[in-house]
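*Asks:* sequence and predicted structure are below.
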Amino acid sequence: MAEITIQGGQQLSGTVSLSGAKNSSFKLMIASLLSPREVNLTNVCRIADVDLVKEIIIQLGGQVKADKSHFKLQADQLNSFTVPQSLGQASRASSLFLAPLLARFHQAIVPLPGGDQIGERRLNWHFAGLQTLGVNIELKNQLIYATCPVLKGGNYTFPEPTHTGTETLIMAAVLSQGKTILQNCALEPEVDDLIAFLTQMGAKITRQAPRTIIINGVKELGPVSYSVMPDRNEAVSYAIAALITQGDILVQHAREQDLIAFLAKLTEINAGFEVLSEGIRFYYRQPLQPTNVQTAPHPGFMTDWQPLWSVLATQFQGKSQVTETIFPNRFQFVPMLQAMGAKISRTSNTLKVTGPVKLQGKNLVIPDIRAGATLVLAGLCAKSKTTLTGVEHLNRGYENFIGRLQALGAKIYL
């Protein structure tokens, strides 16, 4: 496994520019399969998950030409409705291929999703929604077999908001016959990025009230040139890097509307930030005060931010609490922070963190993307050397994370 060494204790400062959103980049690539016409995507993040989706599209008969962050996709010669099992099981995006393959071939064979083992992903809600559109689904040998003579509009209410479920049903409905009404939908900015992308291709999608989405099916989608939204998870990662090292970082292209819940918590802990025309500046100005955080679907505090926030909480002036309501297994990083000297106790889905503590460098193995970023941040804060293996997890979620931190003054060695 890839390995890095971090010599902590450096104040990070400077300017960093955000990549395109991970959770938009590969999903818009999948959505491009809904049209046989050329799709141009700019600001695509160059991460392992994007490369994996690129390879799946090529295996299905599509064409993908990539030049840095510019991707040109052409799906006029798709010739397969089967996502290769070896590729699909390596990605949590595999189920999203169901919608475009059903629209193009009226059938799809797709592996059950892989990716980070952070908790149950409620695919049964995705399946129930697809069934209202006329899809028959069977599970066999870790494969999803889906068929439908024709996609027809229908009504579906999600038991709880689901990011990927909302996106799956939007993609399935845009080329269906008639009207589809989806209720209790996700509000994440990446969902709106998908809606904007498909709308520019000719889809008829509107949000109402605000968790209701209405889709009037169209016969075909056309070509489009579209720029992927900036990555809000990256923005939070660099913001916390600034605060935990008592530094000062301008995050270019960070958007205030994507970070409302996070910025509200920064105000509570007396952290410094400044919204500017070119992005948001994050800086340390005084000792950070404790506060409590509970994750929730957007517009709440994002579950992806929770591990990053938890390591920052080790530097608060007192006791704070972090409650995870989305993915209860997203606490894999806790024993590692404890090994570094963090005062953290866990009861069920809640962490109690006491600070400030002087973290000590250790030799650790990264279990997943956000835990990886969390341990890097802990290493930046620690007063001695930290060695991390499993750095390939970072490459699934961040574009050149280590290089960008080095440019901000971090002493990280490959």
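*Replies:* Alright, I've got the coordinates.
*Asks:* what bits of the stretch 301-414 of the chain have low per-residue confidence?
*Replies:* Judged by pLDDT under 70, the stretch 301-414 of the chain has no weakly predicted residues.
*Asks:* at 80 instead, please
*Replies:* 328-329, 370 (pLDDT under 80).
*Asks:* show me the strands in it, by range?
*Replies:* For the stretch 301-414 of the chain, the strands defined by DSSP state E, counting those that start in this stretch occupy 318-323, 343-347, 350-355, 363-365, 385-389, 411-413.
*Asks:* one more: the stretch 51-200 of the chain?
*Replies:* In the stretch 51-200 of the chain, the strands defined using DSSP E, counting those that start in this stretch lie at 63-67, 70-74, 107-111, 136-140, 143-147, 155-157, 179-183.
*Asks:* which of those strands sits closest to Ser384?
*Replies:* Each of the strands of the stretch 51-200 of the chain has some distance to Ser384 by C-beta to C-beta; the shortest is strand 63-67, at 40.3 Å. To be clear about C-beta, it is placed using only N, CA and C from the backbone, and glycine gets the same treatment.
*Asks:* so which of the strands of the stretch 51-200 of the chain is the most packed in?
*Replies:* Among the strands of the stretch 51-200 of the chain, strand 107-111 has the highest mean neighbour count (mean count of other C-beta atoms under 10 Å), at a mean of 22.
*Asks:* what does that one contact?
*Replies:* Strand 107-111 is contacted by residues 81-83, 85, 88-89, 94-95, 97-98, 101-102, 142-148 when judged by C-beta atoms under 8 Å, 6 or more residues apart in numbering.
*Asks:* just stretch 178-188 next, same as before
*Replies:* 23, 129, 133, 152-163, 165-167, 169-170, 173, 191, 207, 210-217, 297-299.
*Asks:* give me that answer again for 7 Å
*Replies:* Residues outside stretch 178-188 that contact it (C-beta atoms under 7 Å, 6 or more residues apart in numbering): 133, 152-158, 161-163, 166, 169, 173, 210-217, 297-299.
*Asks:* ok, of those residues, which come out buried?
*Replies:* Neighbour counting with 16 or more other C-beta atoms under 10 Å marks 133, 152-154, 156, 158, 161-163, 166, 169, 173, 211, 213-215, 217, 297-298 as buried within the contacts of stretch 178-188.
*Asks:* what subset of the contacts of strand 107-111 is buried?
*Replies:* The neighbour count (16+ other C-beta under 10 Å) marks 81-83, 85, 88-89, 94-95, 97-98, 101-102, 143-144, 146-148 as buried among the contacts of strand 107-111.
*Asks:* now intersect those with the helices, please.
*Replies:* Among these, the members falling in helices (DSSP state H) are Gln85, Gly88, Leu98, Leu101, Leu102.
*Asks:* with distance to Ala410 as extra columns, can I get those residues in TSV?
*Replies:* Formatted as TSV, those follow (distance: C-beta to C-beta, whole Å):
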residue	distance to Ala410
Gln85	39
Gly88	35
Leu98	41
Leu101	43
Leu102	46
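*Asks:* including distance to Asp76 and pLDDT, could the residues you listed go into CSV?
*Replies:* Output for those, formatted as CSV (distance: C-beta to C-beta, whole Å; pLDDT from 0 to 100):
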residue, distance to Asp76, pLDDT
Gln85, 25, 89
Gly88, 23, 78
Leu98, 20, 97
Leu101, 15, 98
Leu102, 18, 98
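*Asks:* quick one: which of these is nearest Pro287?
*Replies:* For these, the nearest to Pro287 is Gly88 (47.9 Å; C-beta to C-beta).
*Asks:* distance of that closest one from Leu101?
*Replies:* To Leu101, Gly88 is 12 Å away according to C-beta to C-beta, to the nearest Å.
*Asks:* what does Phe333 give?
*Replies:* For Phe333, the distance to Leu101 - C-beta to C-beta - is 36 Å.
*Asks:* over to Val275?
*Replies:* Separation of Val275 from Leu101 (C-beta to C-beta): 42 Å.
*Asks:* picking that back up, out of the strands of the stretch 301-414 of the chain, flag the one nearest Asn329.
*Replies:* strand 343-347 (12.0 Å).
*Asks:* show me where this structure has its helices.
*Replies:* With DSSP H as the criterion, the chain has helices spanning 22-31, 48-59, 85-88, 98-105, 123-132, 163-173, 189-200, 232-244, 260-268, 306-313, 334-339, 369-381, 392-397, 401-407.
*Asks:* hmm, what's the outermost residue in the protein?
*Replies:* Centroid-distance maximum for the chain: Pro149 at 33.0 Å, with C-alpha atoms, centre = their mean.
*Asks:* which residues touch that residue?
*Replies:* Shown in contact with Pro149 (C-beta under 7 Å, 6+ apart): His106.
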